[in-house]
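Student: Pasting a predicted model and its sequence here:
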Amino acid sequence: MWDKIVSFIYALIINGILLAILLYYSFNWGNNSSSKSTPTATTNEVFVDENAVGAEIERLKQVEQAEQQKSQYDQVITESYLEQLSQQEQKAIEEIEALKQRRLVEMETLIKLRQEAALAQEN
């Protein structure tokens, strides 16, 4: 029992020493970092490289021109695609009309054949 109490007291002492060291260095570190930094005069001057600005403007113009060319190309492609679709639609309509005419001719021929068959049966 006595051993446990002594161990507990030693643990408290060691933890107290470590806590004291930690607190000492944490306060010291905060004071040292602020005391070492010296305030410097700040200026509102901004240095601009005119060549870099000119190059950036030129790059932006090229990007805008490329976007315009792309939109024109897309418009041409879309128009040609729509024209092809229109031509295909017109061909399909013409084929349907041709099939309707063929059907009418075949119906007339069928009617004539039925009439001839009916006449042949009567005779």
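Tutor: Looks like it arrived, so ask away.
Student: So in the chain, which helix runs the longest?
Tutor: Assignment by DSSP state H gives helix 50-122 as the longest helix of the chain.
Student: which residues of the chain score low on pLDDT?
Tutor: The chain contains residues with pLDDT under 70 at 29-43.
Student: mind redoing it with 80?
Tutor: Of all residues in the chain, those with pLDDT under 80 make up the ranges 28-48, 123.
Student: Report the central residue of it.
Tutor: Residue closest to the mean C-alpha point of the chain, counted by Cα atoms, centre = their mean, is Glu67 at 16.8 Å.
Student: Count the neighbours of Tyr81 for me.
Tutor: Tyr81 has 10 neighbours, counted by other Cβ atoms under 10 Å. Every residue, glycine included, has its C-beta placed from N, CA and C.
Student: Over to Glu122?
Tutor: Here the number of neighbours of Glu122 (other Cβ under 10 Å) works out to 6.
Student: Kindly report the same for Met107.
Tutor: 10.
Student: Over to the one 3 residues further on?
Tutor: Using other Cβ under 10 Å, Leu110 is surrounded by 10 other residues.
Student: tell me the secondary structure for Asn44?
Tutor: Per DSSP: H, G, I helix; E, B strand; the rest coil, the secondary structure class of Asn44 is coil.
Student: and it, how many neighbours does it have?
Tutor: Neighbours of Asn44 (other Cβ under 10 Å): 4.
Student: repeat for Lys100
Tutor: 10.
Student: now swap in Tyr73 and tell me
Tutor: Neighbour number of Tyr73 under other Cβ under 10 Å is 10.
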